[in-house]
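Novice: Next one to model:
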Amino acid sequence: MSPFHILIADDEVHVRRLIQLYLNHEVAVIDIAEDGETALNKALSEDFDIVILDWMMPGISGLEVCQLLKSMKTTPVILLTANANESDRLKGFEAGADDYVTKPFSPRELLCRVDAILKRTKVDIALRERFHSDKLILSPLTIDHHAHRVTLNNEELALTPKEYDLLRFFAIHFGKTLSRKDLIREVWGCEAYNDYRTVDSHVKRLRDKFDAAYPSFSNAIKTIWGIGYKFDPTR
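Specialist: Prediction:
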C-alpha cells in the first residue's frame, strides 16, 4: 500500500512536531508548512490525502487557506483552533473543513479523526471504481452492466429494469445505510416523489428472487428500521 501523503500547517513548532510524531506511527509521508501562504501553495501544487490546518497562522489564515483550497480541490481538511464556540465551528464547516479539532487537543483524538477521514476517502475511491466498472462481483452475486445481466450462484435472475437499477445501486453502495428518500431520488430520479411503498415493494421482489435462486442470500438486503435499507451480502 502506498503511504498516505499528509500536510501539517501550523506556525507553532511544538504542535507540528507533536502531530508528526503521532502520524509517523502510521504509514504516512509528512510535509510541513509554517504559514498560510506556504500551506496553500503546497496544497495546490501537490496531491495530499489530508491537510491539517491551524486556523490562526501568520499571513493567510487557515480558514482562508481552507476556503481557497476547497474552491479548487477536494482534498480533506482538518482545522485546528483554540476557538471552541459554535459560531467558529460553523465558520470552519462552511469554509469546507471536513473536521474540526479544538486546541489543546489529544494527539490520539486527532489521529482517530485522521484515520476516519482516510478510511472514508478509500471507501469513496472504491465506490467510484465500482460505479464505473462494467462488472460488479459480490460473490455469489455478479452484475454485468455491459450485458445488463445479473447472476446469483451462477443462476441468471430475471429482473425488471427498475429492479436491476435498484440492485446495482445497492451493490455500488454496499454496506452503506440508504434512506428510502435517497433511493427514490437516485434510482427513480424523482425528488418530490415520496411513495416509499414503491421502494419497499421492489425490495420485497428482489428478496423473493434471491430466495428462489439462493435462499441463504435472501437476507442480503437488510431493513434499517425507521431509515431504509442496507445491502450487505457478507453478513
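Novice: Please make it C-alpha for all contacts and neighbour counts, starting now.
Specialist: Fine.
Novice: where in the protein is pLDDT low?
Specialist: Within the chain, the segments meeting pLDDT under 70 span 1-3, 24-27, 84, 120-133, 190-194, 234-235.
Novice: And the helix or strand that contains T142, what does it pack against?
Specialist: For T142, the host element (DSSP states H and E) is strand 141-144. Applying 3 or more CA pairs under 8 Å, 6 or more residues apart in numbering; DSSP states H and E, we find strand 141-144 packed against strand 135-138, strand 149-152.
Novice: from the middle of its chain, how far away would whichever helix or strand comes after the last one be?
Specialist: Tracing the chain past strand 149-152, the next element assigned as helix or strand by DSSP H and E is strand 155-156. A distance of 32 Å separates the centroid of the chain from that of strand 155-156, by CA atoms, centre = their mean, to the nearest Å.
Novice: Make 40 the first number, not 1, from now on.
Specialist: Sure, I'll start numbering at 40, so the last one becomes strand 194-195.
Novice: Run through the neighbouring helices and strands of strand 194-195.
Specialist: Against strand 194-195 (3+ CA pairs under 8 Å, 6+ apart) you get no helix or strand.
Novice: who does it pair up with?
Specialist: With DSSP bridges as the test, strand 194-195 is paired with strand 188-191 (antiparallel).
Novice: Buried residues, the strand it pairs with. List them.
Specialist: By neighbour count on 16 or more other CA atoms under 10 Å, the buried set for strand 188-191 is V189, T190, L191.
Novice: Likewise for stretch 220-228?
Specialist: Under 16+ other CA under 10 Å, the buried positions of stretch 220-228 are K220, L222, I223, V226.
Novice: ok so, going back, so what touches the strand holding T181?
Specialist: D173, K174, L175, I176, R188, V189, T190, L191, N192, R207 (CA atoms under 8 Å, 6 or more residues apart in numbering).
Novice: and those, which two are the farthest apart?
Specialist: D173 and N192 (18.8 Å; CA to CA).
Novice: how close does R188 sit to S257?
Specialist: 19 Å (CA to CA, to the nearest Å).
Novice: domain assignment for the protein?
Specialist: Structural domains assigned to the chain are 43-168, 172-270, following automatic domain parsing.
Novice: So what's the gap between the last one and the chain middle?
Specialist: Between the centre of domain 172-270 and the centre of its chain there are 20 Å (CA atoms, centre = their mean).
Novice: next one: phi and psi at the residue located most distally from the centre of the chain?
Specialist: For the chain, the C-alpha farthest from the mean C-alpha position belongs to A251; by CA atoms, centre = their mean, that distance is 34.0 Å. Backbone torsions of A251, given as degrees, to the nearest 10, read phi -70, psi -40.
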